[in-house]
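J.: sequence and predicted structure are below.
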Amino acid sequence: MNGYVYSVGLGIITGLLFSLMFNIYSKKTADSYTYTIFNMNSSKFIKMMLIFLTFFLIMVVGMLSLLIRDVVYPYHEPVLFTLETVLMGVIPASTLFVLYFLRGYPLTTKGVYAFIILAIKCMAAHLLLQFSGIYSSIFKDPSF
C-alpha cells in the first residue's frame, strides 16, 4: 500500500474518533447548532483543532522543504514557476469576491485585505510544496 491509502485511512479513523468523542462527551446548548465538549464550545473546539492542524502541517512541510530543497523546476523554468506561484495564490483567493457577491456583502477594504492575506498564504503553501518535493513526486512522468 502506498502513502495515499494510509493518509485516507488515517483521516477516516480520525473523523470517526472525533464523531464518537462529540457523540459521547457533548452536551446540547441553547443554540441548536452548537454543543459543548469538555466545557468548551464546539465551534471554538473545532477552530482550535483546525489552527493546531494547520500549524502542525506547515511545520512538517516546512521541515521537509528545508531537508529536501527541490529547486529543479524553479531553476529550469523561473518565469513559469513565478507565474504558477502567482496563479496558485490569486485564483483560490479570488473565491472570496464570489462569496461577497453571492451573500450580498459590499466589498470593503477588509475584504481586500482578506484577499491579499489568503493569496499570500496560498503562494507560501505552493512554495513549500514545491521545495518539499511533493510536486516532483506527483508529476514524475511527463505523460502524466
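T.: Structure's in. What do you need? Numbering: from 1, shown residues only.
J.: can you report phi and psi for residue 133?
T.: phi 90, psi 10 (degrees, to the nearest 10).
J.: again, but for residue 36
T.: Main-chain torsions, residue 36, degrees, to the nearest 10: phi -110, psi 140.
J.: just residue 19 next, same as before
T.: According to degrees, to the nearest 10, residue 19 has phi -60, psi -40.
J.: cool, residue 71 as well?
T.: The phi/psi pair for residue 71 (degrees, to the nearest 10) is phi -120, psi 20.
J.: how about it, nearest residue that isn't a chain neighbour?
T.: Excluding its sequence neighbours, the residue lying closest to residue 71 (CB to CB, 6 or more residues apart in numbering) is residue 131, at 6.8 Å. All C-beta atoms are positioned from the backbone trio N, CA, C, and that covers glycine.
J.: list the contacts for the one you found?
T.: Listed by CB atoms under 8 Å, 6 or more residues apart in numbering, the contact set of residue 131 reads 65, 68, 69, 70, 71.
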